[in-house]
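> need a 3D model of the sequence below.
(2 chains)
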Amino acid sequence: MSEKKLMLGNEAIARGAYEAGVKVSAAYPGTPSTEISENIVKYDEIYAEWSPNEKVAMEVAIGASMAGSRALVSMKHVGVNVASDPLYTVSYIGVTGGLVLVAADDPGMYSSQNEQDSRAVARAAHIPVIEPSDSSEAKEFVKFAFDLSEKYDTPVMLRTTTRLSHSQGIVELEERFEPIDIPYEKNIAKNVMMPGNAIKRHPVVEAREKQMAIDGEDFPVNRIEMADKSIGVITSGIPYQYVKEALPNASVLKLGVVNPLPRKMIEKFAKEVDKLYIIEELDPIIEEQVKSWGIECTGKEILTIQGEYSANMLRKAILGAEGDLTAPAQVPMRPPILCPGCPHRATFYALKKLGLHAAGDIGCYTLGAVAPLGVVDTTVCMGSSISTLHGMEKAGGREFIKDWVAVIGDSTFMHTGVNSLINMFYNQGTGTVLILDNSTTGMTGHQDHAATGKTLKGETVLAVDLYKLCHDGIGIENTRIVSAFDSEALTAAIKEEVAREKVSVIIVQAPCALLKSNKPKPAFKIDTEKCVRCGMCMKPGCPAITKKPDGAVAIDATLCNGCGLCEGLCKKGAIVR
Amino acid sequence: MQTKNIMIVGVGGQGTLLTSRILGGLTLRAGFDVKLSEVHGMAQRGGSVVTFVRYGEKVNEPIVEEGQADVLIAFEKLEAMRYAHFLKKDGVLIVNDQRIDPMPVVIGAAEYPEGIIENLEKKYKVLKIDAQKAAATLGNPRTFNIIVLGLAAKHMDFSHEDWLDVIAHTVPEKTIEVNTKAFELGYGM
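Numbers count the residues shown, from 1 in each chain, chains lettered A, B, ... in the order given. The predicted model follows:
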């Protein structure tokens, strides 16, 4: 009997890549896609890397495909935006070795700035989309995606959502299929996309998509589960599980390929059932197409384009079943917070004391927007802090940004921030940029990048030196390094650089408090004899420090990691080791 | 058998992922179909976290919904209150008597409710445990979640031997002994 394992959706995708004979994998970490690469790296047969951003990762995978090998590239939904430039064009080029892009959407925005639907991007790029509904299918569908990619000469998107990526289910392990690398042949008509060539490839793209729509009826991943015909449901992915739970007797057309749609199959199914529902999370991608064919069906009239669905939600919307439910209790929210000992807290507290605004970016430090720090005013997307600050200056002048800085993490800076800094320097901006260098990609759970000196495979390499990059490379004279926990030096540096009418970079260094290599120092405690309960130590909002009902301040020794920020704030010397 | 629904709730960093991994190992060994759903990413940073475990003959959806949980394991009492309405009418709530103030309470924008466990006891079948105190007797405060799991174990369908075996295969090797003791401590309560 073959081995069965409980696997995260993302782990199953990695296993699928292994079994499919993938040779190259590239990615930039992003919830909920990160664990794909973290599991792929365990297979010695696959070369796997963290690229600086999703566009680069996509291009690495395209190159691997051109060289004749199977390649996988994975990213979160907003990463697909970054990669969309090569994606739209590789659709014209097609593949040599199979090429699969895993796009991980985040309905419910557990860890994202929007809940866009990647299927819309794939439709616009005219590439097929495959959507599994549990871990077992995730593995199988990766293999199917590679077959489809090579059969139809197209990149394929495998779309997952947070619920699939971060749910575990039983997976049966199989052997790796070792594909033979396809020999390279120069073919500029296919691989050089200049107008004269691209114009000949576009009809190929259109014909390919039409053919897949016809063949879709026979794809094993598209199937009809005919049961009670009074209710018919067309669905795919995780919502399929909610349908099976809420409407166990309904007839279901389960789509594995959601683009292009198998029109004939859908028309046939629609004729057989009395009332047809389309159940898909996020946008009405399937629904709008089906309606455009003149088929009567119900979808977003009774369901939302927001967030995740559930069986209870479907019972209510379709069956009108309210259920006998208890109302949730009214309790204080528990939003995510910066960890005890987080160097970002020290930096934000310094900014707060100086009364500065920060143009923010994507990372743990986005949490600097909320109380009690409340320093970050804006956050758009990866790398946007520096460029938005520059735009503010060009609109409002030097006066507007006289009390502003941009804050960006080291990994985000390497992702797309460096372009924005070059732009600020080139176009004579005068902004102050704080690179919060905690030596890792923090929010996604500690992934390396070009400035950490380690690769995804764990090899030690020469790290990109952020100081040299900014100072010697770009030529920003006013570049300096300060420790996040040296509050005096940090405050002085920020004051000086913000006042300077030139671009400046402050690299604020201190490793992430959760990094394994960063051993916590002994915890602090309160000397109750000296403590006057002024509350100064509580101002930066460290979760290790709490006030008891009687007003006494206490430090939780199991949470404190000894960073010393509070010790420096206490004027009475009441915080001791 | 009917699908059994377990929820583990707590504060990011309390070890909900470790406990769900132990439960996953147990259900698989017992030959059940199983699905687990976890929270990764931003929400993990000291936020409210919830893990769902469903096992039975055939499991479809990976989440437990309101009014469906057979067992709700809460590592912190405010989180017990937040998710108590997920319990079935005859469901069991295992709550660790620990208070962790969320940021709105720390900064004075909200109040931590009084008498949480007493109020929950009026509506639900509640098993209360002070796992921090119990863990202190073992000399390792981090084992508190395994103590809670030990107490919860009596309300699930796995043998004592299976629990010990799966724990030994899941926790870091150096901590097998102390975690085994922690489990026995909770199991004996």
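
> pretty sure A:V121 is in a helix, no?
Yes - assessed by DSSP: H, G, I helix; E, B strand; the rest coil, A:V121 belongs to a helix.

> and it, how far is that from chain B?
21 Å (Cβ to the nearest Cβ, to the nearest Å). Glycine gets a C-beta too; all of them are placed from N, C-alpha and C.

> please, which helix or strand holds A:K394?
helix A:384-400 (DSSP states H and E).

> could you pull up the mean pLDDT of that helix?
For helix A:384-400, mean pLDDT rounds to 98.

> send me that helix as PDB with only the CA atoms.
Output of helix A:384-400 as PDB, limited to C-alpha atoms (Å, rounded to 0.1, in the frame of the first residue of the first chain):
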ATOM      1  CA  SER A 384       5.200  51.700  -2.300                       C
ATOM      2  CA  SER A 385       6.400  53.600   0.800                       C
ATOM      3  CA  ILE A 386       9.300  55.400  -0.900                       C
ATOM      4  CA  SER A 387       7.500  56.200  -4.100                       C
ATOM      5  CA  THR A 388       4.400  57.500  -2.400                       C
ATOM      6  CA  LEU A 389       6.500  59.800  -0.100                       C
ATOM      7  CA  HIS A 390       8.200  61.100  -3.300                       C
ATOM      8  CA  GLY A 391       4.800  61.800  -4.900                       C
ATOM      9  CA  MET A 392       3.700  63.700  -1.800                       C
ATOM     10  CA  GLU A 393       6.700  65.900  -2.000                       C
ATOM     11  CA  LYS A 394       6.200  66.600  -5.700                       C
ATOM     12  CA  ALA A 395       2.600  67.600  -5.000                       C
ATOM     13  CA  GLY A 396       3.000  69.400  -1.700                       C
ATOM     14  CA  GLY A 397       6.600  70.500  -1.900                       C
ATOM     15  CA  ARG A 398       9.400  70.100   0.700                       C
ATOM     16  CA  GLU A 399       7.000  71.700   3.300                       C
ATOM     17  CA  PHE A 400       4.600  68.800   3.000                       C
END
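
> what packs against it?
strand A:357-359, strand A:376-378, strand A:404-409, helix A:418-426, strand A:432-437 (3 or more Cβ pairs under 8 Å, 6 or more residues apart in numbering or on different chains; DSSP states H and E).

> in a markdown table: the ones you listed, plus mean pLDDT.
Output for the helices and strands packed on helix A:384-400, formatted as a markdown table (pLDDT from 0 to 100):
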| stretch | mean pLDDT |
| --- | --- |
| strand A:357-359 | 98 |
| strand A:376-378 | 98 |
| strand A:404-409 | 98 |
| helix A:418-426 | 98 |
| strand A:432-437 | 98 |
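
> where are the low-confidence patches of chain B?
Low-confidence segments of chain B, defined by pLDDT under 70: B:41-44.

> going by neighbour count, list what's buried in the helix holding A:K394.
A:S384, A:S385, A:I386, A:S387, A:T388, A:L389, A:H390, A:M392, A:E393 (16 or more other Cβ atoms under 10 Å in any protein chain shown).

> of all these, which two lie farthest apart?
A:S384 and A:E393 (14.6 Å; Cβ to Cβ).

> what is the burial count for residue 143?
With no chain named, the answer covers chain A. 20 (other Cβ atoms under 10 Å in any protein chain shown).

> um, chain B though
So B:T143, with other Cβ under 10 Å, has 27 neighbours.

> and B:A136, how far from chain A?
10 Å.

> and the stretch 201-350 of chain A, which of its residues are near chain B?
Residues of the stretch 201-350 of chain A found near chain B (Cβ under 8 Å from any Cβ of the partner chain) are A:238, A:241-242, A:244-245, A:310-312, A:323-329, A:331-339.

> list the buried residues for the top strand by length along chain A?
Identified as the longest strand of chain A according to DSSP state E is strand A:228-236. Neighbour-count burial for strand A:228-236, with 16+ other Cβ under 10 Å as criterion, is recorded at A:I231, A:G232, A:V233, A:I234, A:T235, A:S236.

> for the chain, longest helix please?
I went with chain A, as the question did not name one. helix A:195-215 (DSSP state H).

> sorry, should have said chain B
Counting residues, the longest helix found in chain B (DSSP H) is helix B:16-29.

> centre of the chain to it, how far?
From the chain centre to the centre of helix B:16-29 is a distance of 11 Å (Cα atoms, centre = their mean, to the nearest Å).

> name the helices or strands packed onto that helix?
strand A:4-8, strand B:4-11, strand B:33-37, strand B:48-56, helix B:144-153, helix B:160-170.

> okay if I get these as JSON lines plus mean neighbour count and distance to A:V90?
Output for those, formatted as JSON lines (neighbours: other Cβ atoms under 10 Å in any protein chain shown; distance: least, Cβ to Cβ, whole Å):
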{"stretch": "strand A:4-8", "mean neighbour count": "19", "distance to A:V90": "28"}
{"stretch": "strand B:4-11", "mean neighbour count": "25", "distance to A:V90": "43"}
{"stretch": "strand B:33-37", "mean neighbour count": "23", "distance to A:V90": "34"}
{"stretch": "strand B:48-56", "mean neighbour count": "23", "distance to A:V90": "38"}
{"stretch": "helix B:144-153", "mean neighbour count": "26", "distance to A:V90": "47"}
{"stretch": "helix B:160-170", "mean neighbour count": "16", "distance to A:V90": "42"}
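
> next, format these as JSON lines and append distance to A:E497.
Formatted as JSON lines, the helices and strands packed on helix B:16-29 follow (distance: least, Cβ to Cβ, whole Å):
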{"stretch": "strand A:4-8", "distance to A:E497": "44"}
{"stretch": "strand B:4-11", "distance to A:E497": "37"}
{"stretch": "strand B:33-37", "distance to A:E497": "46"}
{"stretch": "strand B:48-56", "distance to A:E497": "38"}
{"stretch": "helix B:144-153", "distance to A:E497": "45"}
{"stretch": "helix B:160-170", "distance to A:E497": "49"}
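
> quick check: which of the ones you listed is nearest to A:I362?
Once those are compared by Cβ to Cβ, strand B:48-56 is nearest, at 21.0 Å.

> what does the helix or strand just after that closest one contact?
Tracing the chain C-terminally past strand B:48-56 and defining elements by DSSP H and E, one meets strand B:69-74 next. Residues from elsewhere that reach strand B:69-74 (Cβ atoms under 8 Å, 6 or more residues apart in numbering or on different chains): B:4-10, B:19, B:80, B:83-84, B:86-88, B:91-96, B:148-149, B:152, B:155-156.

> next, the buried residues of the next helix or strand after strand B:69-74.
Where DSSP H and E defines the elements, the next helix or strand beyond strand B:69-74 is helix B:77-83. By 16+ other Cβ under 10 Å, the buried positions in helix B:77-83 come out as B:K77, B:L78, B:E79, B:A80, B:M81, B:R82, B:Y83.

> for the last one, give me its contacts.
Contacts for B:Y83 (Cβ under 8 Å, 6+ apart) come out as B:M7, B:V9, B:V50, B:L72, B:A74.

> also A:V375?
A:F348, A:L351, A:K352, A:L356, A:H357, A:A358, A:G368, A:A369.

> and of those, the nearest to A:P203?
A:A369 (48.9 Å).

> verify the contact between the closest one and A:G363 for me.
No - counting by Cβ atoms under 8 Å, A:A369 does not reach A:G363; the two are 11.8 Å apart.

> the more surrounded of those two?
Higher neighbour count among A:A369 and A:G363: A:G363, with 27 against 16, using other Cβ under 10 Å.

> show me what contacts the nearest residue to the more buried one once chain neighbours are set aside?
Sequence neighbours aside, A:G409 is the residue nearest to A:G363 in space, at 4.1 Å (criterion: Cβ to Cβ, 6 or more residues apart in numbering or on different chains). The neighbourhood of A:G409, defined by Cβ under 8 Å, 6+ apart, consists of A:D361, A:G363, A:C364, A:Y365, A:I435, A:L436, A:D437, A:N438, A:T441, A:G442.
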